[in-house]
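Asks: quick one: sequence and predicted model below, then my questions.
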Amino acid sequence: MPLPSEWLKPDWPAPAKVRGCMTTRAGGVSQPPYASLNPASHVGDDSLSVAENRAILRRHLPAEPLWLTQVHGDRVAEAGVDAEGVEADACIARAPGRVCAVLTADCLPVLFCDAAGTVVAAAHAGWRGLAGGVLERTVEAMRVPPGQVMAWLGAAIGPDSFEVGPEVREAFIEHDPLAATAFRPALPGTLDEAPHKWLADIYALARLRLARIGVSQVYGGGLCTLRHAERFYSYRREQKTGRMASLIWLAE
């Protein structure tokens, strides 16, 4: 069954056997404030609505996804090996028909595959997970040379909306001084006054982290979940809201 036109599809030169997508708000049964395609069971939505939304997703997938308990860490689970609800923020799959999934509503979802189409992965990268190395751990778990890895950046909070404190900026710069280029003061200040808030470019930060480990084929990025309320859930905008699912698998 073709994927719904309103879902995002990775714009990358992946092998034909690699299938992936990111859902949007449209096409489900949940009522406000979760309207409408919310597949997340941990956000307060009606359980029957979540089950129906997952059933809608399932019609387009070869199997039930491995739904993770995401904790903003760097653990990588494996579809077909780990059980549903495992605490992890990334997932890999090596066998056809096994579906990796992460849920986001401002955090950055990243889908991965290798050029030969032997392994796929999905990662949930909020700023804590990104700074903690979740993308690096995911690439390591794929067990292929980083130069053969492709990454696609899904919709996340944009660089004009992602306001953070100085401790976030410092956490990234401590790992890589080049990360300073991904931050700018949220408000103009005097020359002798350190900014109290910064605007962070999570897309640029992800690209820097991936480049440091040799992943140069990076696609996607640029959509802002906070600014497109009709299309995406956003925790910063609404707090009580649903989640988008980013999914990837190998076709049979």
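Replies: On my side now, so go ahead.
Asks: only C-alpha atoms from now on, for both contacts and neighbour counts.
Replies: Noted.
Asks: now this protein, which segments are flagged as low pLDDT?
Replies: Residue ranges of the chain with pLDDT under 70: 1, 188-195.
Asks: which SS class is the most centrally placed residue in it?
Replies: The chain has Pro109 as the residue nearest its centroid, 0.8 Å off, counting by C-alpha atoms, centre = their mean. Under DSSP: H, G, I helix; E, B strand; the rest coil, Pro109 falls in the strand class.
Asks: domain map for this protein?
Replies: The chain breaks down by automatic domain parsing into domains covering 18-159+212-250, 163-200.
Asks: let's have the ones you listed in JSON lines, adding distance to Pro10.
Replies: Putting the domains of the chain into JSON lines (distance: least, C-alpha to C-alpha, whole Å) gives the following:
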{"stretch": "domain 18-159+212-250", "distance to Pro10": "6"}
{"stretch": "domain 163-200", "distance to Pro10": "23"}
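Asks: and the ones you listed, which is most packed in?
Replies: Ranked by mean neighbour count under mean count of other C-alpha atoms under 10 Å, these are led by domain 18-159+212-250, which reaches a mean of 21.
Asks: how long is that one end to end?
Replies: Distance across domain 18-159+212-250, first residue to last, is 5 Å (C-alpha to C-alpha, to the nearest Å).
Asks: now swap in stretch 146-160 and tell me
Replies: Using C-alpha to C-alpha, the end-to-end distance of stretch 146-160 comes to 30 Å.
Asks: residue ranges of the helices in this structure, please?
Replies: Using DSSP state H, the helices of the chain run over 47-58, 127-132, 134-142, 166-175, 202-212, 235-238.
Asks: TSV please, covering those helices and showing distance to Glu87.
Replies: TSV is the format used below for these (distance: least, C-alpha to C-alpha, whole Å):
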stretch	distance to Glu87
helix 47-58	20
helix 127-132	13
helix 134-142	13
helix 166-175	23
helix 202-212	22
helix 235-238	21
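Asks: do you know which of those helices lies nearest Thr69?
Replies: Across these, Thr69 has its closest neighbour in helix 127-132 (13.7 Å, C-alpha to C-alpha).
Asks: dump that closest one to PDB, restricted to CA.
Replies: Written as PDB, here are the backbone C-alpha positions of helix 127-132 (Å, rounded to 0.1, in the frame of the first residue of the first chain):
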ATOM      1  CA  TRP A 127      19.700  17.900  22.700                       C
ATOM      2  CA  ARG A 128      20.600  15.700  25.600                       C
ATOM      3  CA  GLY A 129      20.800  12.600  23.400                       C
ATOM      4  CA  LEU A 130      22.600  14.500  20.700                       C
ATOM      5  CA  ALA A 131      25.200  15.800  23.100                       C
ATOM      6  CA  GLY A 132      25.400  12.400  24.700                       C
END
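Asks: helices or strands up against it?
Replies: Helices and strands touching helix 127-132, as assessed by 3 or more C-alpha pairs under 8 Å, 6 or more residues apart in numbering; DSSP states H and E, comprise helix 166-175.
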